[in-house]
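> Compute the structure for the input listed below.
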Amino acid sequence: MSPPHPEHGVEDLCAAGTELYTRALREGHVPRVDAEEAPCLLDFGLLHPAVTDPDRLEPVDPAVALHRMLRIAEERVAEERRREARLAEIFEPLLRIDGGRTGADDSSMISVLSGIERIGQAIAQAVADGRSEILAVQPYISHNPSHTPAAMHAEALARDQEFLSRGGRIRTLYQHTLRHAPTIQARYERLRGDVEARTLDEVTERLIIVDRTVAFVPANKDRTLALEVRHPALVAFFVTAFDRLWRLATPMHPQAVQQPTLNGVTPRQRAIAALLVEGHTDAVIADRLGMNIRTARVHIAKLAATLGSESRAQLGYLIGRSGILGQEEAGE
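Sure, this is the predicted structure:
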């Protein structure tokens, strides 16, 4: 049993139909049985039974067929235009009614942005429209030239300076490993205005909030997709999360505050110690604290030497016994 003939329009005439219609035009007719694999030719009126022999199909002249098809298409277009006119007539008085009491269209409050360039344009437009405040979380600086070329850094710096010059303020949270990054230092040496920066051992993924009305968050791991969020409840949630992280963070600019070393254990080592006692691997610790795994292991080795540990298991025990994590909380 042959498969059913696929449905299609005359503008998408199938290969079997095209071949049979071409043959019919050249030979003047084809047997009806040959049209079983291309019934569309009869449906579209391109073939019709001969008057003298119903088992023989004759072709309609292509010019006649084309004229008929175009007339049908024109009638469809005319009908659609009449339908549009009727819809406009019905909705015209309704559009004059104040729609302030209608429900919000939530779908327009969250948009997906695709591509680094498109994301950058959307953020730049939001900042250009902004007037009062930018809140940002920058967990790391990408070393991938395709993500953050020098021109992009320069554009971002100019954009932020223009915002500050309009009287806005900028608050940025960085991961603590970026505290002495040359790019960060150069940025704050050049910016003028109400701008502050703080650092935390662990921060969220990238977040930018403008005027507490629109937020941008990444939508995939390599940050080539982003969400533009304008839903008031979600933006308020992001602002609250930022404010709480900000209060926990250590000032970096305009006046840097150095975290104290307790009993020979540095702030970085205390952060690592907290993750060690939770049972995390070196790779997870490095990722969460924004450092490479080799640097993490160097810090772990120094911490072990300071506490006199000879094994990983003993290190966890000595961290708990030392009280360094409790001292950190007391210092806060």
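> hey, let's count contacts and neighbours off CA atoms from now on
Fine.
> name the element the most centrally placed residue in the chain belongs to?
The residue lying closest to the centre of the chain (Cα atoms, centre = their mean) is residue 226, at 1.9 Å. Here residue 226 is covered by strand 225-229, with elements defined by DSSP states H and E.
> next structured bit after that strand?
Next in sequence after strand 225-229, counting helices and strands by DSSP H and E, comes helix 232-248.
> Report all helices and strands that that next one contacts.
Other helices and strands packing on helix 232-248, by 3 or more Cα pairs under 8 Å, 6 or more residues apart in numbering; DSSP states H and E, are strand 133-138, strand 194-200, strand 207-210, strand 214-218.
> possible to save those as CSV with mean pLDDT, mean neighbour count and distance to residue 231?
Below are the helices and strands packed on helix 232-248 laid out as CSV (pLDDT from 0 to 100; neighbours: other Cα atoms under 10 Å; distance: least, Cα to Cα, whole Å):
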stretch, mean pLDDT, mean neighbour count, distance to residue 231
strand 133-138, 94, 21, 17
strand 194-200, 90, 21, 26
strand 207-210, 96, 23, 12
strand 214-218, 95, 23, 8
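> Now distance to residue 322 too, for those strands, in CSV please.
Output for the helices and strands packed on helix 232-248, formatted as CSV (distance: least, Cα to Cα, whole Å):
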stretch, distance to residue 322
strand 133-138, 33
strand 194-200, 23
strand 207-210, 36
strand 214-218, 39
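> Nearest to residue 270, out of those strands?
Nearest of the helices and strands packed on helix 232-248 to residue 270, taken as Cα to Cα: strand 194-200 at 12.5 Å.
> Which strands and helices lie in contact with that closest one?
In terms of contacts (3+ Cα pairs under 8 Å, 6+ apart), strand 194-200 is packed against strand 169-175, helix 232-248, strand 250-253.
> 6 Å instead, please
Using 3 or more Cα pairs under 6 Å, 6 or more residues apart in numbering; DSSP states H and E, the elements in contact with strand 194-200 are strand 169-175, strand 250-253.
> Of all those, which one is nearest residue 91?
Ranking the helices and strands packed on strand 194-200 by proximity to residue 91 (Cα to Cα) places strand 169-175 first, at 44.7 Å.
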